[in-house]
Each structure stands twice: as structure tokens, then as C-alpha cells.
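# here is my input; please provide its structure:
(chains A, B, C and D)
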There are 2 protein chains.
Amino acid sequence: MNERSNIRDVALRAKVSVKTVSRVINDHPYVSPATREKVERAMATLDFRPSMAARILAGTKSNQIALIYDNHSPHYMHQIQIGCWERCTEKDVRLLAQPVDVANPKVGDQVRGLVTETHVDGVILSSPVTDCLAVLKALEALNVPFVRISPGTNHALTSSVFMDDVQAADDITTHLINRGHRRIGFIKGHPNHMASEERLYGYRRALDRVGIAFEPHYVMDGAFDYESGVAAAAQFLAMPQRPSAIFASNDDMAAGVLSVAHDLGMDLPNDLSVVGFDDTTIAQMVWPPLTTIRQPTRELAYAATELLFNGVGTVHQRLPHALIERASVASIGDYRQPTEKDSK
Amino acid sequence: MNERSNIRDVALRAKVSVKTVSRVINDHPYVSPATREKVERAMATLDFRPSMAARILAGTKSNQIALIYDNHSPHYMHQIQIGCWERCTEKDVRLLAQPVDVANPKVGDQVRGLVTETHVDGVILSSPVTDCLAVLKALEALNVPFVRISPGTNHALTSSVFMDDVQAADDITTHLINRGHRRIGFIKGHPNHMASEERLYGYRRALDRVGIAFEPHYVMDGAFDYESGVAAAAQFLAMPQRPSAIFASNDDMAAGVLSVAHDLGMDLPNDLSVVGFDDTTIAQMVWPPLTTIRQPTRELAYAATELLFNGVGTVHQRLPHALIERASVASIGDYRQPTEKDSK
DNA sequence: CTGTTAGCGCATTCAA
DNA sequence: TTGAATGCGCTAACAG
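Now for the predicted structure:
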């Protein structure tokens, strides 16, 4: 590498002490505009960049946070990363994106290692890491603040952000009912995600409200992937009394449904209405008949990062999810385990 | 946070010097198995994790590399990240994923800042950052090693990895010809990417070989996005002598073609054959009639990382890309600007 | 094979 | 509003 200039070089050049330069770097008050000016000019001419490593070692915070994830949907993770990254750049903190394997028994160790090695100030967890006990335990043991995005299991023990899945599923189901559908197939999401149950509940609630009987055979298991959508659709469409609409718990599965329908030579959306649920635009893009709920993934990630920065406290916001032309609501809640501090 | 144990604690507990502990951490030779054993036990019981910050500050390398990208295709970036990350975890180096905006006039500064602040040992550039002059200049000024993945402009000045776009385009065009197609529409990629020209050349080469005349009006401009695929397809399909097959330079545009064909009520692939070109499985997944070349994105990223680790030198490998059932070949080349060292 | 010493570049006490 | 000393946790020489 090249010769790098350090804080001492800057101090020398600006004819001030090292400490004063440090003050300028960290935006401390009590620096006269004149000296600040001098220091800044010196920094610019030397193209000085403070070493993160040195700052971390000497200081108390690292200006780094970690995003830990294990999600195989590129679209979803892309949105998450964008959301976190946006808020981070605004605040000039570094984001360490760290994929992990929640199935790996050493994931707790890995996270512990990551946090202590990098000195991150906080952690953001994306589903399904949000529900990995080993990770949660490690983080609590380390006493490092963290926020969960759309946790599958909502113990209300930790800070987290999420949307209102029940309401969204209710909305989309109601939409189908309003269009005259009475036999609506539902494809569940992956059992690990609480959202799967929530969406099923919303579906049932919408049916209940208008008095449509719930038929268990109109509910198929799924796993949030294309293949499970194909499998479920194959079963639905082979039924003598097949559904006139299929509500897939996410777009990947909806795409699977579309594929099967296409192979069967069906005329969509006349023969079959398909609705999805996610922030991916995959299937919607290729085959317009698909209708979908847009999950505000990016916004959730942004809000989660914000929440992490703000530290503990109680926050309530509402983010819209979009169903076709209609709008609905998502809520963000902040929960955490009470500590001695709170009891005082 | 919690009390963290440092190298001194470990040394005390193992009854050795700090230097010996350091040797164990860094896998140095000349440590007797017995002492190594002792040290490792001490590290385990104390749950000791060396501070990256301290190691960077004291040492000469950081065990960190940066991946710099500005790509709006989630699928593509996902593959790139996975590939880099795989190789990094094998070698126990930290990967810093850093999105940038190549259109921002300050990218050069941003990259310079990133590199000097984090002390990264090397950088991987993903398209289109591979061709951002400001970034390339900053990296060369900093004298930090870097590798480009699928550069758009191939000056052969720097280390880079890429696939054989000409051969792949030739393969896929030949495939169409073999199926009896004579009027084959071609949708070009974004002009910024060298691959766009390469693929066009491969298309023409395949036509030439069998004596099919090249018709300029069968070539449309595109930009690697869905919309440009729609626009091009609309023009193609409105022609009196319309193509019987369309070769889109990537899958996003191919998806656009499919969408238009669908709107026109065409029966695919009888009325029209569509072939794409990319590593995304988007359109292929939703609409099976699409045929596509799989670009070995993940493998390229892995190879790029490997190349970065190996340092300068000359490397030649071959990675397969996949066309339907047939296999073809991609090549990886290593080029760099000659330095004084080489002249000796 | 092992230990001693001296910084890496910065923030953080304290004083002035 | 500024400055001088001290040390964060580790590695890099150099000894032994």
C-alpha cells in the first residue's frame, strides 16, 4: 500500500494538538471555527482518513453494525440490505452483512465471534435468524443491542419490526371474495415463519366474516419456494371441485401456481385467479394476471436500523403495505425484556 | 457490552508469553504441540476472540477484503456475494460488501475512504463498477490489489475473470438455427457492457457460419432490463416478416419478450422461440418455453476471490456455462499492467 | 521453540 | 477552548 497520513501529520500541519484534530473528526463542540477550519484544510490536503481500527481500539464505539441473515430469496435479502444500508449511510456507520446457516450447530459461536471480533455496536437480525435460539442467546449474553425484522416467533422480548400479516391476508382474501370467489385455495408458508400462521388466520377471518365455510382441503402446505407452489397447485387443480382462486402465501409459490396453470392450458385469470404475497415482483412482472401484496421489506429494514440507533425505548409507527390499488397497514412495535434499569 | 478477555489473560492462564499466544492465533510454525494445546485450552475456557481492530492496527494485513458493486439485479448480486463469501469463509477472511453509485461524482473518494479506513487487503469489483474510471484510478493510486468480475471494458490491464460471451452467444444462436430458425431477432444489452458487443458478435458468427445473411433490422437496442425487452419485442412482433425466434441478451429482457408475446395471444414456443442469457432463473421459472444460457456468476465470483488471494500471476481456468442440455465453455484470464518488477 | 520490548493510530482521561 | 500523557489489544522485530 501507500504511505498513509495519520492524525499526527494532520496536527503538525494544522499546528494544533492531536486531540484537537480528534475533536474535529468526531464533531465535538468546543472547537473554535477558526481552528476547525485549519484542521479541515489540513485533512483535505493530506487526504487524511482516520483508521477505523485505531478508532475502535481506542474508543468505546465502532460505528459498525452487523446484519445477520440466512435467507435464500435474493429479492428479499436485496431489499433488506438496501433498507439497512440507506439508514447506515445517512448516519455514517458501516454495515457488515453476514450470512449464516441457522441449521449449523455452531451458529451461536459464529455470531459471538463476529460480534466480539468486530466490536459492532449492534445487530440486525433478518428472518429466519430472528428465531434462532442460539443466536438470540449469544446476543443477550454479549449484551449487545439487536433488532429483529419480521420475527417468526414473537415473544415480544426484544425490539422488532413487522407488518400486520393478518390484516394483509384478510385484505387480499376479501378482495377475492368481493370478486365473487367462493372456493379459494390457500397455500401456507414455511412452518418456521410466524407469518405463515398469521396469513392463514387472516384468510380464515375473511372467510368467516362473510360466512364462507372453511374447508381444510383447500389449504395446502408450502415452504415459501417455487417447488412447493408447483406441488400445491398440482393438487388443487386436480380436484373435481377445484378452487376458482388460489392465494399463495408468497410470490415464489404463486409463480409455481402460474407455471402449473400454464402447463394445463388454463386461461388466466378467467379460469383461475392467483394472488401472491411478498415484495418480489417476479411473477407479477412476467405474468400480469397475478395480484400480490407488497410487503414493505425495505421500509422494515430501514425502520429496524433506525430503531437500533435510537436505542431502547418504545416506538410505534405504521407502514403501508400495498394490495393492488388499495392500501392497508403494517405496524411496527418495539418490545424488549425489562431490565433492572426499567424497574427503578 | 461485557468484559472481554484479551491476549494477556490467555497468556496468563496458559502460563506462556503473549507472543506465544499470538503465534497460536496466527497458526505460526515453531510452536510445540504441548504449548499449543495449553494455549488453545485457555482460549476456549476464556472464550477468547482476538480483536480485529487490534490485529489490523498492529499487523500488516487485515484479513478483510471489500466487494464493491452497483448492480440493480438482486439475482446477480446474490450470486456474486455467495461466490465471494464462500471463498472468504474458507480462508477465514471477512468480506465487506459495499454498494456504491457509479454515477456519483464522489465514488472515487468513497472508495478511497473505504479502503484506507478499513485497511482491506484487496478489492473485488463487480460490473458496472469494474468500468468506473474514478474507482479504478483510486484503487491504483492506493496500490491495493483488485480483481474485476466480468468487466465491460477489457483493457487487459488488471486481473479479471469473465466467461466466453462470444462462444456462448454462438452456441445459443446455433441452437436456434439447428431447430430450423432463419429469422432470428437479437436484442442487444446495455452499451456500457462489453458483453453486449461480444454476444452480438457471437450471434453474427453463428449466422455467418451457416450462410444466413445478417439483417440489421433484426437487431434491436436494449438495456438489460425488462422494459427494453418489452419495447424491442413490440417492434419485432409488429414486423410483417417477423422473427420466428428472439435472442435476448439477458433474461430480464427475455421476460419482457415473453410478456409481450403473451399479451398478443401467441402460442409459445410454436409461434415464437425465445432464448435468454443470464444466471437469473426468473423467466425460465415462470414460463418454461424460455431457453437460456446460464452465466456462471457464482463461480466467477469465487474465482475472482481466489485470484485476489493468490496475488499477481497468470491464471487460466475454464468454467462451464450451461445452455439447456448442452455444455459450453467460459474462460478465466488474468491480465495486469506490467510493472518494473516484470521487466526484470 | 519461546520471551521482551516497542509501537500501530486513535480516543480518553485529566489539566490548563 | 486547547493540550499532554496514557493505553486500547495486538503483532513485529529482535533477542534468547
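# C-alpha only now, for contacts and for neighbours.
Fine.
# close to chain B, is the helix or strand encompassing residue A:115?
Under the criterion of DSSP states H and E, residue A:115 resides in helix A:107-118. Yes. Interface with chain B: helix A:107-118 contributes A:113, A:116, A:117, A:118 (Cα under 8 Å from any Cα of the partner chain).
# and these, which two are the farthest apart?
The distance between the two most remote of these (Cα to Cα) is 8.2 Å, for A:113 and A:118.
# comparing those two, which shows the higher neighbour count?
Comparing residue A:113 with residue A:118 by other Cα atoms under 10 Å in any protein chain shown, the one with more neighbours is residue A:118, at 21 against 18.
# from the chain's centre, how far out does stretch A:110-130 sit?
15 Å (Cα atoms, centre = their mean, to the nearest Å).
# show me what that stretch is in contact with.
A:56, A:61-71, A:80, A:102, A:135-136, A:138-139, A:142, A:144-153, A:192-193, A:304-305, A:308, B:4, B:49-53 (Cα atoms under 8 Å, 6 or more residues apart in numbering or on different chains).
# check stretch A:85-100 too.
Residues contacting stretch A:85-100 (Cα under 8 Å, 6+ apart): A:63-70, A:81, A:84, A:107, A:302, A:305-306, B:96-97.
# with pLDDT added, can I get the residues of helix A:107-118 next to chain B in JSON lines?
Formatted as JSON lines, those follow (pLDDT from 0 to 100):
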{"residue": "A:113", "pLDDT": "94"}
{"residue": "A:116", "pLDDT": "93"}
{"residue": "A:117", "pLDDT": "94"}
{"residue": "A:118", "pLDDT": "95"}
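# any buried residues in stretch A:89-96, and which?
Residues of stretch A:89-96 classed as buried: A:94, A:95, A:96 (neighbour count, 16 or more other Cα atoms under 10 Å in any protein chain shown).
# is the first one bridged to anything, and to what?
Same thing as residue A:94. When bridges are called by DSSP bridges, residue A:94 pairs up with residue A:64.
# about what we covered before: which of the contacts of stretch A:85-100 come close to DNA strand D?
Among these, no residue sits close to DNA strand D (Cα under 7 Å from any atom of the strand).
# report pLDDT for the residue nearest to residue A:29 when sequence neighbours are not counted.
Counting by Cα to Cα, 6 or more residues apart in numbering or on different chains, residue A:23 is the residue found nearest to residue A:29 once chain neighbours are left out, at 7.7 Å. Note on residue A:23: pLDDT of 89.
# got the residues of the stretch 1-150 of chain A near chain B?
Remark: the part of the stretch 1-150 of chain A in contact with chain B comprises A:1-2, A:4, A:49-54, A:56-57, A:74-75, A:78, A:96-97, A:113, A:116-119, A:142-144, using Cα under 8 Å from any Cα.
# show residues contacting the helix or strand harbouring residue A:237.
Assessed by DSSP H and E, residue A:237 sits inside helix A:226-238. Helix A:226-238 is contacted by residues A:185, A:187, A:218, A:220-222, A:242-243, A:248, A:252-257, A:259-261 when judged by Cα under 8 Å, 6+ apart.
# just checking, which of the contacts of stretch A:85-100 belong to helices?
A:81, A:84, A:107, A:302, A:305, A:306 (DSSP state H).
# so which of those residues is the closest to residue A:167?
Using Cα to Cα, those come closest to residue A:167 at residue A:302, 21.7 Å.
# and residue A:124, what helix or strand is that in?
strand A:122-126.
# for that strand, the averaged confidence score.
94.
# next one: stretch A:302-322
On average, stretch A:302-322 scores 65.
# re the thing from before, quick one: which of the residues of the stretch 1-150 of chain A next to chain B sit in helices?
A:52-54, A:56-57, A:74-75, A:78, A:113, A:116-118, A:142.
# angle of the strand holding residue A:124 against helix A:107-118?
150 degrees (axes from the mean of the first three to the mean of the last three Cα atoms, to 10 degrees).
# helices along the stretch 101-250 of chain A, start to end?
A:107-118, A:133-142, A:165-178, A:194-209, A:226-238 (DSSP state H, counting those that start in this stretch).
# make JSON lines from the ones you listed and add distance to DNA strand C to it.
Output for these, formatted as JSON lines (distance: least, Cα to the nearest atom of the strand, whole Å):
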{"stretch": "helix A:107-118", "distance to DNA strand C": "15"}
{"stretch": "helix A:133-142", "distance to DNA strand C": "20"}
{"stretch": "helix A:165-178", "distance to DNA strand C": "42"}
{"stretch": "helix A:194-209", "distance to DNA strand C": "40"}
{"stretch": "helix A:226-238", "distance to DNA strand C": "49"}
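# about what we covered before: residue B:131: which of the contacts of stretch A:85-100 is nearest?
Each of the contacts of stretch A:85-100 was scored against residue B:131 by Cα to Cα, and residue B:97 proved nearest at 17.9 Å.
# the closest one - how many residues pack around it?
Neighbours of residue B:97 using other Cα under 10 Å come to 20.
# circling back: what's the spacing between the helix holding residue A:115 and its chain's center?
Distance, centroid of helix A:107-118 to centroid of chain: 21 Å (Cα atoms, centre = their mean).
# roughly how far does whichever residue of the stretch 151-300 of chain A sits closest to DNA strand D sit from residue A:81?
At 27.6 Å from DNA strand D, residue A:158 is the closest residue in the stretch 151-300 of chain A, using Cα to the nearest atom of the strand. According to Cα to Cα, to the nearest Å, residue A:158 stands 21 Å off from residue A:81.
# again, but for residue A:262
Taking Cα to Cα, one finds residue A:262 at 34 Å from residue A:81.
# now do residue A:280, the pLDDT please.
For residue A:280, pLDDT reads 54.
# same deal with residue A:4?
81.
# whatever helix or strand residue A:36 lives in and DNA strand D, any residue contact?
According to DSSP H and E, residue A:36 maps onto helix A:33-46. Yes. Judged by Cα under 7 Å from any atom of the strand, helix A:33-46 comes into contact with DNA strand D through A:34, A:35, A:36.
# which residues touch whatever residue of chain A ends up closest to chain B?
Chain B sits closest to residue A:53 of chain A, with a gap of 4.2 Å, by Cα to the nearest Cα. Residues counted as contacts of residue A:53 (Cα under 8 Å, 6+ apart) are B:52, B:53, B:54, B:56, B:57, B:117, B:118.
# show me where pLDDT drops low in chain A?
Applying pLDDT under 70 to chain A flags the ranges A:1-3, A:154-157, A:278-290, A:312-344.
# show me which residues of it sit near DNA strand C.
So far as Cα under 7 Å from any atom of the strand goes, chain A lies against DNA strand C at A:4-8, A:18-19, A:21-23, A:25-26, A:49-52, A:54-61.
# now with 10 Å?
A:3-11, A:17-28, A:48-62 (Cα under 10 Å from any atom of the strand).
# circling back: show me which of the contacts of helix A:226-238 are buried.
Looks like the contacts of helix A:226-238 have A:185, A:187, A:218, A:220-222, A:242-243, A:248, A:252-257, A:259-261 buried, using 16+ other Cα under 10 Å.
# can you list the strands that the strand holding residue A:124 pairs with?
By DSSP bridges, strand A:122-126 pairs with strand A:64-69 (parallel), strand A:146-149 (parallel).
# hang on, isn't residue A:79 packed against residue A:295?
No. The criterion here is Cα atoms under 8 Å, and residue A:79 misses it with residue A:295 at 10.4 Å.
# which parts of stretch A:46-56 are buried?
So for stretch A:46-56, counting by 16+ other Cα under 10 Å, buried means A:47, A:48, A:49, A:50, A:51, A:52, A:53, A:54, A:55, A:56.
# can you give me the end-to-end span of it?
Counting by Cα to Cα, the terminal residues of stretch A:46-56 are separated by 22 Å.
# so what secondary structure elements neighbour the strand or helix carrying residue A:308?
Residue A:308 belongs to helix A:297-310 when assigned by DSSP H and E. Of the remaining helices and strands, those touching helix A:297-310 by 3 or more Cα pairs under 8 Å, 6 or more residues apart in numbering or on different chains; DSSP states H and E are helix A:74-91, strand A:122-126, strand A:146-149, strand A:159-161.
# how far off helix A:297-310 does the second one point, in degrees?
Put plainly, it is strand A:122-126. When the same axes, to 10 degrees is applied, the directions of strand A:122-126 and helix A:297-310 differ by 160 degrees.
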